[in-house]
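Asks: What shape does this take:
(2 chains)
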2 protein chains.
Amino acid sequence: MSALKVGIIGAGPSGLAMLRAFESEQKKGNPVPEIKCYEKQDNWGGMWNYTWRTGVGQYGEPLHGSMYKYLWSNGPKECLEFADYTFSEHFDQAISSYPPREVLFDYIEGRIKQSNAREYIQFNTVARWVDYLPESKQFRVVFDNLKKNETFEELFDYLVVATGHFSTPNMPYFEGIDSFPGAVMHAHDFRGADQFKDQKLLLIGSSYSAEDIGVQCYKHGSAGVTISYRSNPIGMKWPEGMEEKPLVTHFEGNEAFFKDGTSESYDAVILCTGYQHKFPFLPDNLRLKTKNCLYPDGLYKGVVSQANEQLLFLGMQDQYYTFNMFDTQAWFVRDYILDRIQLPDHAERAQDIAHWMATEAATTTGDEHIDFQTSYIRDLMRYTDYPPFNLDQVATMFKSWLKDKEDNILSYRDKVYTSVMDNTKAEKHHTSWMKELDDSLERYLGEETLADAQAPHPANA
Amino acid sequence: MSALKVGIIGAGPSGLAMLRAFESEQKKGNPVPEIKCYEKQDNWGGMWNYTWRTGVGQYGEPLHGSMYKYLWSNGPKECLEFADYTFSEHFDQAISSYPPREVLFDYIEGRIKQSNAREYIQFNTVARWVDYLPESKQFRVVFDNLKKNETFEELFDYLVVATGHFSTPNMPYFEGIDSFPGAVMHAHDFRGADQFKDQKLLLIGSSYSAEDIGVQCYKHGSAGVTISYRSNPIGMKWPEGMEEKPLVTHFEGNEAFFKDGTSESYDAVILCTGYQHKFPFLPDNLRLKTKNCLYPDGLYKGVVSQANEQLLFLGMQDQYYTFNMFDTQAWFVRDYILDRIQLPDHAERAQDIAHWMATEAATTTGDEHIDFQTSYIRDLMRYTDYPPFNLDQVATMFKSWLKDKEDNILSYRDKVYTSVMDNTKAEKHHTSWMKELDDSLERYLGEETLADAQAPHPANA
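Replies: Take a look at the predicted model:
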């Protein structure tokens, strides 16, 4: 066992879950394989690691981060809580249900800092190319130490790909967009609403990015936000100044034309048109080729590659559950590597995948999607000792969250939920979300001041 | 000979020069090796192939292009003219000395379209990883067909790297820039001045990008342009509304603080801080590791890698001469591959490189840099049948261009020069550069209208 070598690519929430899973085994005094983790960024935390840069990073690699200033969780923290490390344990006080980025980053980091996991991680290092060597049944991985501009090789018996899938923009062309005079960017490169103060914005897309960036820009003083959808509108009760329109057909100068025959001029366009699963370091026969969905084809139990049993993927699903889903996946992968879980044969695995995919295909509503992912996690948890928690209760919270958003997209973040892990009831944040313009950890954990309470909202100032 | 395989990475001006070099040999009825060329973009032309995208391209690869709308040549076209395909031959009329992008693209394309070169090029295909196989003395190159999401391997006896070096931004951090509220971008992602109309801009850098983007934004109606330099100012006679300041020390909100103790607030920051030579597809022992200079270390005659004689680099120098320099390099590489040029041994080559580097190190003025690159090209031309042209006269034009810019940074593009290739004297463009707001090929080759002649400049309107 101790001769086995495991490589983990990525030290975001999924890669860190993998390290945590092995760590929990080691703490019990059980032997674990030799583990090495490689991270392109200069710090852990994946998507939660904010950068001011856009496009490519310091060393010219495509940026991982799609994070922006003023991002607050868009789902209740009670739905993503680690089962083995609660928010109460970390903060030692009750906090609200929708914390800002820095607070969630702190929480993720808090758990992993309990161990020496950082020693296993080589930062500023990108996986450049993977070859599978059939004779030795190992992966040869070429890594690139970006800081030193040096490449090197490692051999692994198992390769865990935890590189995320909200990093590579999907950016369709619209006729005339090449001569739109204002800023044109993908949501991936959106770094905050300030730049768009007093501007009329067109957001194209109808998923979380459009919804949240739209609301953020509204909150921080944009002159107007139009969200353009391809098939179906998001359908919230938008405040005055926000609206939805059908898809853009083309642009002429700064004017956008829509499918319903209307047109309007804008100062800037943000393409909230989703992301691509991209694995440039893998030969194409090992790549996961999928659109964003709850059960990608080719992954047994959502993690073991059908192309190669030694190749594992974490967090490649579309997500309701996030951190705790990555955990249940990581625990499964750990026990599989430790030989405690035996795989059925290839055909049987294909059948299992097909069954899940058919079930997903039959879902239509948000509630059904939530139930589907709940079932998936429940299934995974049967295999491991990941601390059990009340999944039904989490599913109920998710459904309630969907309703909260429909009721009021501007105030749903003021709602509070109760942890299923330790029954802590969230505290209302001292300032309502619409009035809270400072998203720092310091401010979040501090007290409301009198000035805050009296400050008008900039959109109304 | 016919068994030899040559791989060319990149179909910009350098890669196309390589194809042209072999084509000219083929036209004489001489045998040439098997040639394959791979281009990441969906068209040829390299940097001259404009895209509206920023950051990463359609398939998530770092964008090659740093091109922007309204870019006009910043040097006389007579200094970059192909010796074997003149501007007169292409346009069949005299044109001005400083054409806009689309016109230069048309010219580049015009020459290569004379052959079947396009058949040799596989577009939307990126070089992913190169291994040198010492036993067969070949390169194994893994390519990635981006459109099909498919990888494949090819073996080559010679590998020509023509991937450019103005694509990977060098983007230093300045304290506080992470919370600057306005747009922050690298020159690489600048797509045109329109977005910055009526805005106060801070450009950091003191080379061509800062100079040209600054002047473009001034021309197209920015409210003010400050250029911040690290060591020395560019030193032009800037018009009212443009100025130079020493380096930024830090930012506080939208206020930039400079080394001279002054501070000022801005709407946007553009980092014109240069580019990195980056070769992610090469093992580090084959990479060219250099800053931007006129004679990079490790390249014999500026093209043959000292790390591996079968590895060639084109266009990796900083450039006064451009297209015709790439040509002289490509002709040299062709004749080297065709075994007409014998390399001295490694030590002698190192000595030759050291000599050139020492000579460059002793240059300080623009005129000396021009003379240096003129000597380099003269040296290369001794080896091949690339059509000889009056290099001294080109050098004189370059020096005159430097002076023109110093005299008036806003009107130097209205000057005209005479071709050393066919003695064609350039025609003045119908509209002065400062008044010409339309950079299309159609407009450029057309006649001035009465309305144009009477239109005020937007900055004065």
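
Asks: With only the CA atoms kept, save stretch A:419-432 in CSV.
Replies: Presented in CSV, the C-alpha positions along stretch A:419-432 are these (Å, rounded to 0.1, in the frame of the first residue of the first chain):
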residue,chain,number,x,y,z
SER,A,419,-27.4,23.7,10.4
VAL,A,420,-28.2,20.0,10.0
MET,A,421,-24.7,19.3,11.3
ASP,A,422,-25.0,20.9,14.8
ASN,A,423,-28.4,22.5,14.9
THR,A,424,-26.9,26.0,15.0
LYS,A,425,-29.5,28.6,13.8
ALA,A,426,-27.9,31.2,11.6
GLU,A,427,-28.0,34.8,12.9
LYS,A,428,-29.3,37.6,10.7
HIS,A,429,-26.4,39.7,9.4
HIS,A,430,-26.4,43.1,11.1
THR,A,431,-27.1,44.8,7.7
SER,A,432,-29.5,43.8,5.0
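
Asks: And the average pLDDT for it is what?
Replies: Averaged across stretch A:419-432, pLDDT comes to 97.

Asks: and what of stretch A:339-357?
Replies: On average, stretch A:339-357 scores 98.

Asks: ditto for stretch A:210-224
Replies: 97.

Asks: Repeat that for stretch A:253-273.
Replies: 98.

Asks: what about that stretch, start to end distance?
Replies: This stretch, stretch A:253-273, spans 21 Å end to end (C-alpha to C-alpha, to the nearest Å).

Asks: Run through who's touching that stretch.
Replies: Contact partners of stretch A:253-273, identified using C-beta atoms under 8 Å, 6 or more residues apart in numbering or on different chains, comprise A:169-172, A:176-177, A:179-187, A:190, A:196, A:199-207, A:209-210, A:213, A:223, A:226-228, A:245-251. C-beta coordinates here come from the backbone N, C-alpha and C atoms, glycine included.

Asks: Please repeat the previous calculation with a cut-off of 6 Å.
Replies: A:170-172, A:181-187, A:190, A:196, A:199-205, A:209-210, A:245-250 (C-beta atoms under 6 Å, 6 or more residues apart in numbering or on different chains).

Asks: Can you name the residues of the stretch 251-400 of chain A that neighbour chain B?
Replies: A:276, A:278, A:283-284 (C-beta under 6 Å from any C-beta of the partner chain).

Asks: try 8 Å this time
Replies: Neighbours of chain B within the stretch 251-400 of chain A, by C-beta under 8 Å from any C-beta of the partner chain: A:276, A:278, A:280, A:283-284, A:287, A:289.

Asks: Might you report the residue contacts of A:Asp42?
Replies: A:Asp42 neighbours (C-beta under 8 Å, 6+ apart): A:58, A:123-124.

Asks: Now the residue nearest to A:Gly57 when sequence neighbours are not counted: phi and psi?
Replies: Leaving out its chain neighbours, the residue that sits closest to A:Gly57 by C-beta to C-beta, 6 or more residues apart in numbering or on different chains is A:Leu63, at 5.1 Å. Backbone torsions of A:Leu63, given as degrees, to the nearest 10, read phi -70, psi 140.

Asks: Could you count how many residues lie near the closest residue to A:Asp84 other than its chain neighbours?
Replies: Of all residues not flanking A:Asp84 in the chain, A:Pro387 sits nearest, at 5.3 Å (C-beta to C-beta, 6+ apart). Neighbour count for A:Pro387, taken as other C-beta atoms under 10 Å in any protein chain shown: 15.

Asks: So among the contacts of stretch A:253-273, which ones count as buried?
Replies: Among the contacts of stretch A:253-273, those buried by neighbour count (16 or more other C-beta atoms under 10 Å in any protein chain shown) are A:170-171, A:181-187, A:190, A:196, A:199-205, A:209-210, A:245-246, A:248-249.

Asks: Can you tell me how far the closest residue to A:Gly205 other than its chain neighbours is from A:Ile227?
Replies: Excluding its sequence neighbours, the residue lying closest to A:Gly205 (C-beta to C-beta, 6+ apart) is A:Cys272, at 3.1 Å. Using C-beta to C-beta, to the nearest Å, one gets 8 Å for the distance from A:Cys272 to A:Ile227.

Asks: got any residues that touch both of those two?
Replies: With C-beta under 8 Å, 6+ apart, A:Cys272 and A:Ile227 have common neighbours A:203-206, A:210.

Asks: can you list contacts of stretch A:364-373?
Replies: By C-beta under 8 Å, 6+ apart, stretch A:364-373 touches A:294-295, A:317, A:319-321, A:325, A:359-360, A:363, A:395, A:398-399, A:402.

Asks: rerun that using 10 Å as the cut-off
Replies: Contacts with stretch A:364-373, where a contact means C-beta atoms under 10 Å, 6 or more residues apart in numbering or on different chains, come from A:79, A:293-295, A:302, A:317-321, A:325, A:356, A:359-360, A:362-363, A:391-392, A:394-399, A:401-403, A:405-406.

Asks: Weed out the non-buried ones from these.
Replies: For these, buried by 16+ other C-beta under 10 Å: A:79, A:294-295, A:302, A:317-321, A:325, A:356, A:359-360, A:391, A:394-398, A:401-402, A:405.

Asks: So which of these are in helices?
Replies: A:325, A:356, A:359-360, A:391, A:394-398, A:401-402, A:405 (DSSP state H).

Asks: Who are the contact partners of the nearest residue to A:Asp392 once chain neighbours are set aside?
Replies: Excluding its sequence neighbours, the residue lying closest to A:Asp392 (C-beta to C-beta, 6+ apart) is A:Thr374, at 7.4 Å. A:Thr374 sits next to A:320-321, A:325, A:391-392, A:394-396, A:398 when contact means C-beta under 10 Å, 6+ apart.

Asks: Mind pulling up the pLDDT for A:Thr374?
Replies: 98.

Asks: Look up which helix or strand it falls in, please.
Replies: Using DSSP states H and E, A:Thr374 maps to helix A:366-381.

Asks: Just checking the distance from that helix to the centre of its chain.
Replies: Taking C-alpha atoms, centre = their mean, to the nearest Å, the mean C-alpha location of helix A:366-381 is offset from the chain mean by 17 Å.

Asks: Can you give me the buried ones in that helix?
Replies: Within helix A:366-381, the residues scored as buried using 16+ other C-beta under 10 Å are A:366, A:369-374, A:376-377, A:380-381.
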